[in-house]
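Asker: quick one: sequence plus predicted model below, questions after.
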Amino acid sequence: MTLGPLLALIVVLAVAPALPGIATRTRAFFTGRRGAPVLQLYRDLAKLGRKGVVYSRTTTPVFRAGPIVVVASVLVAGALLPLNGHGALLSFSGDLVAFTGLLGLGRFALVLAGLDTGSSFEGMGASREVTISAFAEPALFLCFTVLVLATGELSLAGMLGERLAAVWPVAAPSLALAAAALFMLALAETSRVPVDDPATHLELTMIHEVIVLDHSGPELAFILFGNAVKLALFGALVVSVLVPLGGLQPLLAVPVLVGGLVLVAIGVGIVEASMARLRMNRVPQFLVAAGALAVFGVILLLR
Amino acid sequence: MTAVLLAVALILAGGGAALLLRRHPRLADPVYSALLLSGSTLGVSSAIAVLRGGPARLAILPGSLPGGPWVFGLDPLSAWFLLVVLGVGACAGVFGTGYLAPERRHRSVAGTHALFALLLVALTGVVTARAMVPFLAAWELMALSAYFLVMFDHEQAEVRRAGLIYIVLTHVSTLALVGMFAALGAESGGRSFAEPGMGAQPAGNARTLVLIFALLGFGLKAGAVPLHFWLPGAHAAAPSHVSAVLSGVMLKAGIYGLLRVLWLLGPPPAWFGWTLFLLGLLSGVLGVLWALAQHDLKRLLAYHSVENIGIILLGMGTGALGLTYGRPTLSVLGFAGALLHTLNHALFKSLLFLGAGSVLRATGTRVIDRLGGLARQLPWTALAFGVGSVAIVGLPPLNGFVSEWVVFQALLSAGGSHDAVRFVIVGAAGLGLIGGLALACFTKVDAAVFLGQYRSARSGLVAPADPVATMLAPMLLLAGACIGIGLMPSLVLGPAQLLAMSVAHLPGEGTGSYGNLGEAAAMISALGLGLVAVLAAALLLRRSLAADAGRRLAGTWSCAGAAATSRMQYTASSYAAPLLSAFGPLAGVRREREGMAFHSHVADPVQDVVVEPFWRALEQTGARLRAVHGGRLRWYLLSVIFTLLALLFYLTRAGSLP
């Protein structure tokens, strides 16, 4: 029973580090450059895993705990998603609150680890990160509200499983709006353009990159892996809302999910190539817009 | 009930012992702590016995007392709140002995300990009284003992002002409650509320009046926006262990009252449920937003209490709407969420206030932007405060998550019907926003107080250090409770659900009937333990990876510039600024630039924009009327005659006179 979801989770974790590479490569292609290899992040992770670490003298054990909590929280969050469309490793009524809570726990640890260095750069990045997440959180709950209303289920495995395939024909407009909102949230939560730019080289303009400025070696690898998995999880949410995996055979659902994740990564790359970053004070508006899309979805279902 | 009476006697004896032994502090503190602890343990154990399905008991005080029989009772609802009162009260009381010990150099603290014991007794009375006169007596005793505790540092003008605002508003609340009881008694004729069926239920206008007065009186005590503005000042001014009880426990007297009224009157009209729901949303969002703006650690925590009362009211409002619209599952989930959050908030908020107290003792300041890097000097305080902050943000695997999860379920399960109640579902987005803002706020506090570098120039007199064991032990105990409930939610979910069913008057055949909280409790435990296991695995992986490659220390990266100094650190105010500016004037931050100086200070939008201008206008009008009051006899006689004539004219017109 739990073997299927476990295997699906392992597949997603294995594929996750390729997604940022695909996004970057797509962006390079559309801007007329060659770009880094798709599998670059795997190499980076392997290299960082072998390296030593440098700690700032200002830091406390909080700094060392940060990367571990980041990686553990996204892994457990992944266990809550029905990645093969037929049940999750852990599923209970209201587990979507646990999903957002675990992502929040990772953010809490990451932000505190950054602030532990006492650096202004990290402070600035942390401040922006929590600002963005405070606006992303209600939008994410509105997306889940659409799913709850469409399927009548309160667990992620229920609302993204077989029931979703059954209600798709009725609730298609709302679900499409929720998927669009989830894609916008994925961009914000995983620090991509138009909210943050992973390719920026100036500390003052970074958000996610600057929080991890003082992390090195295996700890940096943990954070990079955690962020890639987070992109995969948000991608999986988008894919499973658009293509109800519960309607497919479990063995077919996993390849479909992986294909969908690749398409999401290409989509992220296209967005990055085609638009500039938003000004920092415009980011809340972007996220409110995502929330507004989901609100329309809710209204269509509540009417 | 006898056990509770004995517990009250023991706690009072503790207060008395503190007074009698005031010349022997070495003896007084242990005796006071021991009596307080034994009394609380006794009370808590009898509360737990009732919650585990023991018989609910009523007791009538012997002798003829004013205002009819003085009925006290311990049913599950009272027992739940008694658990909160005595459990948190005992921890805060023991902390208080260590916290106030340094004050003995300047003044006597025996009176404060005695008042604290009195406050606990009064709170016990509030949650057990079942008749009008003993309830109001206990309520007033609670208000007054809290007032004298708030005024501990009465030399400071700011404390006196906070105390004044508190004492005025707490009496407005008492006044509203007198009105509520009058409306309740006018119809039913009785002055006791021992059972819902006793006497005729108030109907029509009387019922509306009861509900309005209950909202005003209990809402004021609970500190719901816009009736919250007395709260931050008073809770920040009181000694920290008192703040812990005021914020963690005394606000809950308002929650208890609202639940008791719902229990007494049965399904309320729809407007009542919606009002609770909207007050909850308003208090939740604005409370956390204003907390984020604060510069003072204890004021910040006090505003967070407003936020948490908001979460409790969201649950309670959903429960009340469930009663109105006949959706039992909604009622049970809503009330269970409200009750659980009451308990959890009491645990983590008192823990945070005690932590703030130990920071205050170690450094002498509550200004967040003057602190920093205390995790190295106060590791145990930092650990306990960290546990409290993860809990208050509602993150797994701690207790705050458990209760927010129940409230979320209540909100989300409201959809899927054709009643107006389905719109409750949008509350989930509000609760999400509250969670996001709370995360921003507590990363700000934790980082600015405990991480980075110490911000102000060191005075060099005393090095900050962890407090004495009597202060540390209560904090660690409360932190342990937060972790325990988070990992083993089955301890509280079952009782909370049964209690919610009894508040909603639903027949109890096990917890499986309405929402399956008990079943999910095991899954939450699994989630928490799974998280711990994955954390351990990640830690092992991390250890094995860095083993041979080595580690070294260096300065914080500062863009290849000079090493960062503590003055270059990001301040808590700048950290919060982008989020606050996104909310504009709602956040209440005022900025001032004069030449080279820049200040920002925080106003409370309700107190500074609405209440005080209104009060000043009232005062000015009064001053203008003073001209009449010139002391000339003929004017007074003339005004008496005119008044009489006007009254006569009115009465003849109204037809009352022949």
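Answerer: Ah, there it is.
Asker: next, count neighbours for B:L12.
Answerer: B:L12 has 17 neighbours, counted by other Cβ atoms under 10 Å in any protein chain shown. The way it works is simple: take the backbone N, C-alpha and C, and place the C-beta from them, glycine included.
Asker: next up, phi/psi of it, please.
Answerer: Main-chain dihedrals, B:L12, degrees, to the nearest 10: phi -60, psi -40.
Asker: show the pLDDT at B:P196.
Answerer: Residue-level confidence at B:P196 comes out at 68, pLDDT.
Asker: which helix or strand contains residue 236?
Answerer: Using chain A here. Using DSSP states H and E, A:A236 sits in helix A:217-242.
Asker: meant chain B actually
Answerer: helix B:231-237.
Asker: if I look at B:A356, how far off is chain A?
Answerer: Distance, B:A356 to chain A, using Cβ to the nearest Cβ, to the nearest Å: 18 Å.
Asker: so what's the closest residue to that residue other than its chain neighbours up against?
Answerer: Nearest non-adjacent residue to B:A356, counting by Cβ to Cβ, 6 or more residues apart in numbering or on different chains: B:L297, 5.0 Å away. Residues counted as contacts of B:L297 (Cβ atoms under 8 Å, 6 or more residues apart in numbering or on different chains) are B:356, B:359-360, B:366-368, B:371, B:445, B:449.
Asker: what of B:G310?
Answerer: Contacts of B:G310 by Cβ under 8 Å, 6+ apart are B:224-225, B:279-285, B:287, B:434.
Asker: can you flag the buried ones in those residues?
Answerer: For the contacts of B:G310, a burial check counting by 16 or more other Cβ atoms under 10 Å in any protein chain shown picks out B:224-225, B:279-285, B:287, B:434.
Asker: can you map out the helices along the stretch 51-200 of chain A?
Answerer: Here the stretch 51-200 of chain A has its helices, by DSSP state H, counting those that start in this stretch, at A:61-79, A:95-115, A:120-151, A:156-159, A:162-189.
Asker: meant to ask about the stretch 201-303 of chain A, not that
Answerer: Going by DSSP H, counting those that start in this stretch, the stretch 201-303 of chain A shows helices at A:208-211, A:217-242, A:250-274, A:283-302.
Asker: a markdown table please, covering those and showing mean pLDDT.
Answerer: Putting the helices of the stretch 201-303 of chain A into a markdown table (pLDDT from 0 to 100) gives the following:
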| stretch | mean pLDDT |
| --- | --- |
| helix A:208-211 | 89 |
| helix A:217-242 | 95 |
| helix A:250-274 | 95 |
| helix A:283-302 | 94 |
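Asker: dump those into JSON lines; add mean neighbour count and distance to chain B as well.
Answerer: Listed next are the helices of the stretch 201-303 of chain A as JSON lines, based on neighbours: other Cβ atoms under 10 Å in any protein chain shown; distance: least, Cβ to the nearest Cβ, whole Å:
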{"stretch": "helix A:208-211", "mean neighbour count": "24", "distance to chain B": "10"}
{"stretch": "helix A:217-242", "mean neighbour count": "24", "distance to chain B": "4"}
{"stretch": "helix A:250-274", "mean neighbour count": "19", "distance to chain B": "22"}
{"stretch": "helix A:283-302", "mean neighbour count": "20", "distance to chain B": "5"}
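Asker: kindly reformat those helices as a markdown table containing distance to B:A587.
Answerer: Output for those, formatted as a markdown table (distance: least, Cβ to Cβ, whole Å):
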| stretch | distance to B:A587 |
| --- | --- |
| helix A:208-211 | 24 |
| helix A:217-242 | 29 |
| helix A:250-274 | 32 |
| helix A:283-302 | 13 |
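Asker: any stretches of chain A with poor pLDDT?
Answerer: Counting by pLDDT under 70, chain A has low-confidence residues at A:1.
Asker: so which residue of it comes closest to chain B?
Answerer: A:G123 (2.4 Å; Cβ to the nearest Cβ).
Asker: taking chain B, what residue is nearest to chain A?
Answerer: For chain B, Cβ to the nearest Cβ, closest residue to chain A: B:Y570, 2.4 Å.
Asker: which helix or strand contains that residue?
Answerer: B:Y570 belongs to no helix or strand, assigned by DSSP H and E.
Asker: what of B:E592?
Answerer: Per DSSP H and E: strand B:589-594 holds B:E592.
Asker: elements contacting the helix holding B:A236?
Answerer: Contacts defined by 3 or more Cβ pairs under 8 Å, 6 or more residues apart in numbering or on different chains; DSSP states H and E place helix B:231-237 against helix B:132-150, helix B:157-188, helix B:297-324.
Asker: C-terminal to that helix, what's the next element?
Answerer: Immediately after helix B:231-237, counting by DSSP H and E, sits helix B:240-245.
Asker: between the contacts of B:G310, which is closest to B:H505?
Answerer: B:G280 (22.3 Å; Cβ to Cβ).
Asker: give the contact list for the residue nearest to that closest one when sequence neighbours are not counted.
Answerer: Distances taken as Cβ to Cβ, 6+ apart place B:L313 nearest to B:G280, at 3.2 Å, with adjacent residues excluded. Counting by Cβ under 8 Å, 6+ apart, B:L313 touches B:222, B:224, B:255, B:276-277, B:279-280, B:283-284, B:338.
Asker: pLDDT on the helix holding B:A236, on average?
Answerer: 94.
Asker: so what touches that helix?
Answerer: Taking Cβ under 8 Å, 6+ apart as the rule, helix B:231-237 contacts B:146, B:150-151, B:153, B:156, B:158-159, B:161-163, B:165-166, B:223, B:243, B:246-247, B:251, B:294, B:296, B:298-299, B:301-303, B:305-306, B:366, B:604.
Asker: buried subset of these?
Answerer: When the contacts of helix B:231-237 are checked for burial by 16+ other Cβ under 10 Å, the buried set is B:146, B:150-151, B:159, B:162-163, B:165-166, B:223, B:243, B:246-247, B:251, B:294, B:296, B:298-299, B:301-303, B:305-306, B:366, B:604.
Asker: neighbours around B:R626, how many?
Answerer: Neighbourhood size, B:R626 [other Cβ under 10 Å]: 8.
Asker: if you could redo that for A:P173, that was the one I meant.
Answerer: A:P173: 12 neighbours (other Cβ under 10 Å).
Asker: and whichever strand or helix holds B:A49, what does it pack against?
Answerer: For B:A49, the host element (DSSP H and E) is helix B:25-51. With contacts taken as 3+ Cβ pairs under 8 Å, 6+ apart, helix B:25-51 sits against helix B:2-20, strand B:71-74, helix B:76-100, helix B:110-128.
Asker: turn those into a markdown table, including mean pLDDT and distance to A:G247.
Answerer: Formatted as a markdown table, the helices and strands packed on helix B:25-51 follow (pLDDT from 0 to 100; distance: least, Cβ to Cβ, whole Å):
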| stretch | mean pLDDT | distance to A:G247 |
| --- | --- | --- |
| helix B:2-20 | 94 | 59 |
| strand B:71-74 | 90 | 55 |
| helix B:76-100 | 95 | 46 |
| helix B:110-128 | 96 | 53 |
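Asker: which among these is found nearest to B:G530?
Answerer: B:G530 lies closest to helix B:76-100 among the helices and strands packed on helix B:25-51, at 28.9 Å (Cβ to Cβ).
Asker: what's that closest one packed up against?
Answerer: helix B:2-20, helix B:25-51, helix B:110-128, helix B:240-245, helix B:251-265, helix B:328-363, helix B:469-487, helix B:490-503.
Asker: looking at these, which is buried most?
Answerer: helix B:240-245 (a mean of 30; mean count of other Cβ atoms under 10 Å in any protein chain shown).
Asker: residues near A:I207, how many?
Answerer: If you count neighbours by other Cβ under 10 Å, A:I207 ends up with 24.
Asker: again with A:F92
Answerer: Here the count is done by other Cβ under 10 Å, and A:F92 has 24 residues near it.
Asker: run a quick neighbour tally on B:G326.
Answerer: Neighbourhood size, B:G326 [other Cβ under 10 Å]: 12.
Asker: secondary structure class for it?
Answerer: At B:G326 the chain is in coil, as set by DSSP: H, G, I helix; E, B strand; the rest coil.
Asker: need phi/psi at it.
Answerer: phi 70, psi 40.
Asker: report the contact partners of the residue nearest to it when sequence neighbours are not counted.
Answerer: Distances taken as Cβ to Cβ, 6+ apart put B:P267 closest to B:G326, at 7.9 Å, once the chain neighbours are dropped. B:P267 sits next to B:323-324, B:326 when contact means Cβ under 8 Å, 6+ apart.
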